[in-house]
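Student: fold the following for me, if possible:
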Amino acid sequence: MTEFISRATPEKKKIRELKYNLYVHGSQEENVGGWASIILNKHEQKTVLSGKEENLQNPNRIDLIGIIEGLKWIYLSVEPKYRKYITVNLICDNVYCVNIVKEWVDKWKDDIEVRPNNDLLKEIIELKTKININAKWVYKVANEYSWSVNRIANERVSEI
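Tutor: Numbers count the residues shown, from 1 in each chain. Here you go, the predicted model:
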């Protein structure tokens, strides 16, 4: 067994390390939205990102912002030579946003300009060329992280 482990190249070891879970939630009241992202690396080390946006017209926009900010953080936190090995499991309670990342944005490339939130969709397209993303819908209280990201996003909305 130790012979097999010793044959693993540093590159193969790095590939195994570059797997992340990204939990995202967006919350909106009237035209103010809060987003939160919880990022877990392979060792369950947690990073929490959150923000607030005003003058929102589209409720899905705040979830997309959370997704983009989380993906950007992951991408920029990895050494450039290893970025091509990043794999992210995106976990979100917004079915629309999960489907955007999973399949729709790839089909919309040719007519992206007519889509709502096309500025954010362009960023997702760019990030998908750099990162392997697996998107999954989950009920907002399915586990500790889904619940936490929901709570954080809601707190950001209610901040004065």
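
Student: ends of stretch 28-44, what's the gap?
Tutor: 29 Å (C-alpha to C-alpha, to the nearest Å).

Student: in that stretch, what's buried?
Tutor: Residues of stretch 28-44 classed as buried: 28, 32-40 (neighbour count, 16 or more other C-beta atoms under 10 Å). (Each C-beta comes from the backbone N, C-alpha and C, glycine too.)

Student: could you do stretch 68-82 as well?
Tutor: For stretch 68-82, using 16+ other C-beta under 10 Å, the buried residues are 68-72, 74, 78.

Student: reformat these as CSV; add secondary structure and distance to residue 116.
Tutor: Formatted as CSV, the buried residues of stretch 68-82 follow (DSSP: H, G, I helix; E, B strand; the rest coil; distance: C-beta to C-beta, whole Å):
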residue, secondary structure, distance to residue 116
68, helix, 15
69, helix, 19
70, helix, 21
71, helix, 20
72, helix, 21
74, helix, 25
78, coil, 31
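
Student: can you pull the contacts of the residue nearest to the spatial centre of the chain?
Tutor: Central residue of the chain (C-alpha atoms, centre = their mean): residue 67, 3.5 Å from the mean position. Contacts for residue 67 (C-beta atoms under 8 Å, 6 or more residues apart in numbering) come out as 22, 24, 37, 90, 92, 97, 101, 124.

Student: which one of those residues is nearest to residue 109?
Tutor: The nearest member of these to residue 109, counting by C-beta to C-beta, is residue 124 at 10.8 Å.

Student: could you verify that the closest one is part of a helix?
Tutor: Yes: Residue 124 sits within a helix when classified using DSSP: H, G, I helix; E, B strand; the rest coil.

Student: and the buried residues of stretch 68-82, which is closest to residue 113?
Tutor: Residue 113 lies nearest to residue 68 out of those, by C-beta to C-beta, at 18.3 Å.
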